[in-house]
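In: coordinates only, sequence not included:
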């Protein structure tokens, strides 16, 4: 018995890593809006003084740093997830097949 294996591609490979662009754009927009809000709050707080105001400013700065780290982490995560997505989708576009066949020997008789 003979056997042969092949991989059949139903569709050609497609790079789908660009799917992360829309998410990354939304993260950038969110970051810009957060910066604008922080400026507005900071300008408002600069008109006042006191222990509570200083505490609020310190907390806002800490939150802003945390937010930047989270956005950067998500930005990197989008690249990683888009790469995994592209790999998985392209794996589903192929199928491994194995064909098993029987070889039949035939003898050719020579005419006399």
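Out: Received it, and whenever you're ready, just let me know what you need. Just so it is clear, the structure is predicted and the values come from calculations on it, not from any experiment.
In: Please count neighbours and contacts with C-alpha atoms only from this point.
Out: Will do.
In: For this protein, which residues score under the pLDDT cut-off?
Out: Across the chain, the ranges flagged by pLDDT under 70 are 112.
In: Show me what the lengthiest helix in the chain is packed against.
Out: Identified as the longest helix of the chain according to DSSP state H is helix 51-92. Using 3 or more C-alpha pairs under 8 Å, 6 or more residues apart in numbering; DSSP states H and E, the elements in contact with helix 51-92 are helix 20-45.
In: Run the angle between the helix it packs on and helix 51-92 for me.
Out: Interaxial angle, helix 20-45 versus helix 51-92 (axes from the mean of the first three to the mean of the last three C-alpha atoms, to 10 degrees): 180 degrees.
In: Any buried residues in helix 20-45, and which?
Out: Using 16 or more other C-alpha atoms under 10 Å as the test for burial, helix 20-45 gives 20, 24, 27, 31, 38.
In: next one: stretch 9-18
Out: Neighbour-count burial for stretch 9-18, with 16+ other C-alpha under 10 Å as criterion, is recorded at residue 17.
In: got the contact list for it?
Out: Here stretch 9-18 makes contact (C-alpha atoms under 8 Å, 6 or more residues apart in numbering) with 79, 82, 83, 85, 86, 90, 93, 94, 95.
In: Ok, stretch 38-51 next?
Out: Stretch 38-51 has contacts (C-alpha under 8 Å, 6+ apart) with 53, 57, 60.
In: now that stretch: how far from the chain's centre is it?
Out: Averaged C-alpha coordinates place stretch 38-51 at 38 Å from its chain's average position (C-alpha atoms, centre = their mean, to the nearest Å).
In: Residue 19 - how many residues pack around it?
Out: Applying other C-alpha atoms under 10 Å, we find 16 residues neighbouring residue 19.
In: hang on, the earlier thing: could you provide the buried residues of helix 20-45 in TSV, with additional columns for distance to residue 99?
Out: Converted to TSV, these look like this (distance: C-alpha to C-alpha, whole Å):
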residue	distance to residue 99
20	39
24	45
27	49
31	55
38	65
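In: Great, nothing more from me.
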